[in-house]
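Chemist: can you look at this prediction? I've put the sequence above it.
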Amino acid sequence: MAEVLLRHRFGDLGLEAQVRSAGLLQSGQPASAHGVDILHGRGLDMTAHRSRSMSRDILTSADLVLGMAREHVREAVVLDPTLWRRTFTLKELVRRGEAVGPRGAEEPLADWLERVGQGRRIADLTGSSPADDVADPIGGPRSAYERMAAELDDLIDRLVAVAFAGALTPR
């Protein structure tokens with residue numbers, strides 16, 4: 001869901017970005033029926049989505065790696081420790097980004113991520129935390145997927161405001 005919502009939001013804003021999803025599930029799994037249905041209700045099609053396992057190749061080509069939970073960030077950094085500076089949970093990046101302030105219009109993303117990550121320690125990502133993790137509704141009721149979609153909407157809006165608003169051009 002996050003991939004589709006983020007891609008859609010970037011598209012609506014005219015931001016050019018490649019958004020891809022990869023995780024810890026076995027590759028080839030279809031999206032959950034609840035997730036497909038909820039996004040369909042928003043005019044978004046996720047029926048063709050299939051899970052893709054996280055790999056070093058996918059991750060190292062990214063300017064920014066966002067995990068939905070600490071375990072995703074840990075797995076990414078285990079695959080390639082050089083990813084640490086550009087790999088965050090979505091909640092963590094939004095929280096830290098709001099604390100340091102928005103990215104400047106001419107500021108490279110890597111420089112802003114460096115500012116955002118100041119004082120960050122890998123040890124801070126042990127375990128799970130509601131402060132960093134978007135709850136995974138897999139196997140749960142539709143209401144859990146609806147809550148996650150609403151949370152992702154809020155987080156994506158906040159991410160765009162803090163990290164990408166300077167890249168927007170007036171229409």
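Modeler: That came through fine. Numbering: from 1, shown residues only.
Chemist: helices along the protein, start to end?
Modeler: 2-13, 33-40, 56-60, 70-79, 90-100, 109-116, 142-159 (DSSP state H).
Chemist: which one is the residue nearest the centre of the chain nearest to, not counting chain neighbours?
Modeler: Ranked by distance to the mean C-alpha position of the chain (CA atoms, centre = their mean), the top residue is Leu66 at 3.8 Å. Among residues not flanking Leu66 along the chain, Leu90 sits closest, at 4.9 Å (CB to CB, 6 or more residues apart in numbering). (Glycine included, C-beta is placed from N, CA and C.)
Chemist: ok, now which ones touch the one you found?
Modeler: 2, 66-68, 134, 152, 155-156, 159 (CB atoms under 8 Å, 6 or more residues apart in numbering).
Chemist: so for stretch 72-82, what gets flagged as buried?
Modeler: 72-77, 79 (16 or more other CB atoms under 10 Å).
Chemist: flag every buried residue along stretch 48-62.
Modeler: 49, 52, 54, 58-59, 62.
Chemist: name the nearest of the residues you listed relative to Ser21.
Modeler: Ranked by distance to Ser21 (CB to CB), those are led by Arg52 at 6.4 Å.
Chemist: can you pull the phi/psi pair for the closest one?
Modeler: phi -130, psi 130 (degrees, to the nearest 10).
Chemist: how about the contacts made by it?
Modeler: Contacts of Arg52 by CB under 8 Å, 6+ apart are 20-23, 27, 58.
Chemist: show me which of the residues you listed are buried.
Modeler: Buried among the contacts of Arg52 (16+ other CB under 10 Å): 21-23, 58.
Chemist: Leu5 contacts Leu152, correct?
Modeler: Yes. The pair formed by Leu5 and Leu152 meets the contact definition of CB atoms under 8 Å, at 5.2 Å.
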